[in-house]
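Asker: how would this look folded up:
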Amino acid sequence: MAKVTVDGIEVEVPSGASVLQACEMAGKEIPRFCYHERLSVAGNCRMCLVEIEKNPKPVASCAFPVADGMVVKTDSPMVRQSRRGVMEFLLINHPLDCPICDQGGECDLQDQSMAYGMDHSRYHENKRAVKDKDLGPLVKTVMTRCIQCTRCIRFAQEIAGVPELGATARGENMEIGTYVEKALSSELSGNLIDICPVGALTSKPYAFVARPWELNKTDSIDVLDAVGTNIRVDTRGSEVLRILPRLNEDVNEEWLGDKARFSLDGLKRRRLDRPWLRREGKLVAVSWPEALAAIAERLQGLSGARIGAIAGDLADAESMVALKDLMTGLGSPNLDCRQRGEKLEATRRDFYCFNTSIAGIDEADALLLIGTNPRHEAPILNARIRKRVLAGSFPIAAIGSTADLTYGVEWIGTGPAALRALLAGAHPFSSVMSAAKRPMLILGQGAVARADGAAVLAAAWQLAGQFGMLGADWHGFNMLHSAASRVGALDLGFLPGPHGKDVAAMVGGGVDLLWLLGADEIDTGAIGASTFVVYQGHHGDAGAARADVILPGAAYTEKGGTYVNTEGRTQRTAAALHPPGEAREDWKILRAFSEVIGRPLPYDDLVAVRRRLGEAHPTFARLDTLPRLACTDMAGPAGDSGGLGDAPFVPFVADYYRTDPISRASPTMAECARTLGPSLMQAAE
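Answerer: Prediction:
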């Protein structure tokens, strides 16, 4: 540790830290443009100048290491004059775009020019102009505003792992862009907008839509994958205008995937805003009492064995516990949440959770990927893996379809044959895993959503035990989910009960009344014509097209819902606006229906529903906490690892930009799939 004095305040900082970090530890705010705590140091903007005793010139604090006994001044006359000079140079060519710039009100240059800028310029030459670059359908460029801080270049290179941005020419002619004009092929490209300190990179779909002071801001959780990224939903009136990431070091740091950020226009398209009932083969709009009465009439005379329910990927825990209680009251054991036939086992929580935790990836020293492409299934988690790769000494092997994961991977096979070789110790990577002190594996849904999925799950657990991943201080077995509702549903036991039917049996004619809670990923074409289908959800997707009764629910931005992410962390969304038309929160719909059939559920408000959740599983009473998991019981899942097949693992997510009803309703995501989909497929090949 080094002792440094900053403006008379003595602080101890780690050796090797920068002067800027020492100043921040002393509570001093240092202006900066190029410096970002998650990126490498560039030192190009020179805005962070400070005065160091016995040093004749001001020093760029971001790139200057501390030394024991150093005395730093952050607000001396020399510092103020130097920063004013830097600001004057930065503004020489910067256009006066503030009234029409989408960054206005949130602009670092705007804020710092108030402190260090002048009310006039001493330069009378013409400002330079730079041609705008086409970076695709998501990021808008006005490159004349660029101050060449190179944050975007470093983010693309270091965090996203897609080194497509760079600088060409030198001096006043220097420009930032792609070497060959092309759209950015990263699932994290929207983060360039957040890290750009000026208005050079802004959101193309959000261009000229609103000013930040017009928006109502609501903290929430993203549910379009299973990572549970912390987000902020910005609304005006009855419309979501923007979604931004929130800081959570344990989950998403400060990043957000493009699908979560830009699919918000799907929230106002194809919406279900009134109940519908199929009469003479056509859906007609009806009132709530008529819709509920039609379901109640169909239920009459049906035994519980002929009634079933399937929970979809975006369902919140409140609605799932209400649906389970309703089905239990009707005597039905036919429940399932595994829409695509995933062979998941819920007898123990560590069989279906990401036990290492997302932040725990930083501690691992070897990784085996089985039937997963984390770049498409969980881009934020993939960025955390890349971060660990850049830290050094992190061998990775993968089994499945080859793909560009943005980091080096040794592809050791395409299917279960590679698992057999590892179990037998016949593959060279077996020795790598055995030598690691904290190895981990990630099992994807593509590996278990198949006929031999239970055997793959058992084999993966056996591998974890064989390579020392299971211990009292380390749990290296990880299940990566792609659905936000899946872990919560497994916690609730939303699975077939004794003699209960799974998704395949229910869809194949095993029930006479099928209740779909936002379930759109099933094969609706396989549902028999005689099956009465109730669809409860918020978008007119595949499930609604097959439904006999449609009950309009609320999207995740319109309700307070509880979700459990892939690592088992319980988080909640918050209502940023009201549901459209006659749509209602899902648990309220189920509570109202239970009243119609004379079997009222024992809760009348959200507090009571959440109390019921806590009774169903203790994890729902622990918000945003994740106890470090250890494995003390080596007994594995019930499957037999000897039943492995030979078919190769196939990608679970075929189209990153359209995986759920919201993103499939989004014109922006459709354009991304059209523009960027081919490049992603080429990268996979």
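
Asker: in stretch 607-622, what's buried?
Answerer: Residues of stretch 607-622 classed as buried: Val609, Arg610, Arg612, Leu613, Ala616, His617, Thr619, Phe620 (neighbour count, 16 or more other C-beta atoms under 10 Å). C-beta coordinates here come from the backbone N, C-alpha and C atoms, glycine included.

Asker: Equivalent analysis for stretch 386-395, please.
Answerer: Arg386, Lys387, Arg388, Val389, Phe394, Pro395.

Asker: contact partners of that stretch?
Answerer: Outside stretch 386-395, the residues that touch it by C-beta atoms under 8 Å, 6 or more residues apart in numbering are 158-159, 161, 361-362, 364-367, 396, 406-408, 410, 429, 432, 436.

Asker: Which among those count as buried?
Answerer: Buried among the contacts of stretch 386-395 by 16+ other C-beta under 10 Å: 158-159, 161, 361, 364-367, 396, 406-407, 429, 432, 436.

Asker: Next, give me the two most distant ones among the buried residues of stretch 386-395.
Answerer: Lys387 and Pro395 (15.7 Å; C-beta to C-beta).

Asker: and Pro56, helix, strand or coil?
Answerer: The three-state label for Pro56, taken from DSSP: H, G, I helix; E, B strand; the rest coil, comes out as coil.

Asker: For Met78, see how far away it is.
Answerer: 10 Å (C-beta to C-beta, to the nearest Å).

Asker: Could you check which of those two is surrounded by more residues?
Answerer: Here Pro56 and Met78 are compared on neighbour count by other C-beta atoms under 10 Å; more neighbours surround Met78, at 15 against 7.

Asker: Test my guess that that one contacts Val50.
Answerer: No. With contact taken as C-beta atoms under 8 Å, Met78 and Val50 are classed as non-touching, separated by 9.2 Å.

Asker: So for the two, which residues contact both of them?
Answerer: Residues touching both Met78 and Val50 (C-beta under 8 Å, 6+ apart): Pro58.

Asker: and stretch 581-593, average pLDDT?
Answerer: The predicted model gives stretch 581-593 an average pLDDT of 96.

Asker: now the helices: where do they sit in the stretch 451-600 of the chain?
Answerer: Listed in chain order, the helices of the stretch 451-600 of the chain (DSSP state H, counting those that start in this stretch) span 453-466, 486-492, 503-505, 542-546, 586-596.

Asker: Determine which of those helices approaches Ala42 most closely.
Answerer: The closest of the helices of the stretch 451-600 of the chain to Ala42 is helix 486-492. By C-beta to C-beta, the value is 39.9 Å.

Asker: what residues does that closest one touch?
Answerer: Taking contacts as C-beta under 8 Å, 6+ apart, the residues outside helix 486-492 that touch it are 226, 311, 313, 315-317, 320-321, 324, 337-338, 344, 346, 349, 352-353, 481, 495, 562-566, 568, 570, 613, 616-617, 619-620.

Asker: For the stretch 251-400 of the chain, just list every one of the helices.
Answerer: Secondary structure of the stretch 251-400 of the chain (DSSP H, counting those that start in this stretch): helices located at 258-262, 288-299, 317-329, 374-377, 379-391.

Asker: The stretch 101-250 of the chain too?
Answerer: Listed in chain order, the helices found in the stretch 101-250 of the chain under DSSP H, counting those that start in this stretch are 108-116, 151-154, 191-195.

Asker: Could I get the contacting residues of Ala346?
Answerer: The neighbourhood of Ala346, defined by C-beta under 8 Å, 6+ apart, consists of Tyr352, Leu490, Asp491, Gly493, Leu495.

Asker: which among those end up buried?
Answerer: Tyr352, Leu490, Asp491, Gly493, Leu495.

Asker: Make JSON lines from these and add distance to Pro580 to it.
Answerer: JSON lines is the format used below for the buried ones among the contacts of Ala346 (distance: C-beta to C-beta, whole Å):
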{"residue": "Tyr352", "distance to Pro580": "34"}
{"residue": "Leu490", "distance to Pro580": "31"}
{"residue": "Asp491", "distance to Pro580": "30"}
{"residue": "Gly493", "distance to Pro580": "33"}
{"residue": "Leu495", "distance to Pro580": "33"}
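
Asker: Please report the distance of the nearest residue to Gly453 once chain neighbours are set aside from Val487.
Answerer: The spatially closest residue to Gly453, leaving aside those adjacent along the chain, is Lys343, at 3.1 Å (C-beta to C-beta, 6 or more residues apart in numbering). As for Lys343, its distance to Val487 is 16 Å (criterion: C-beta to C-beta).
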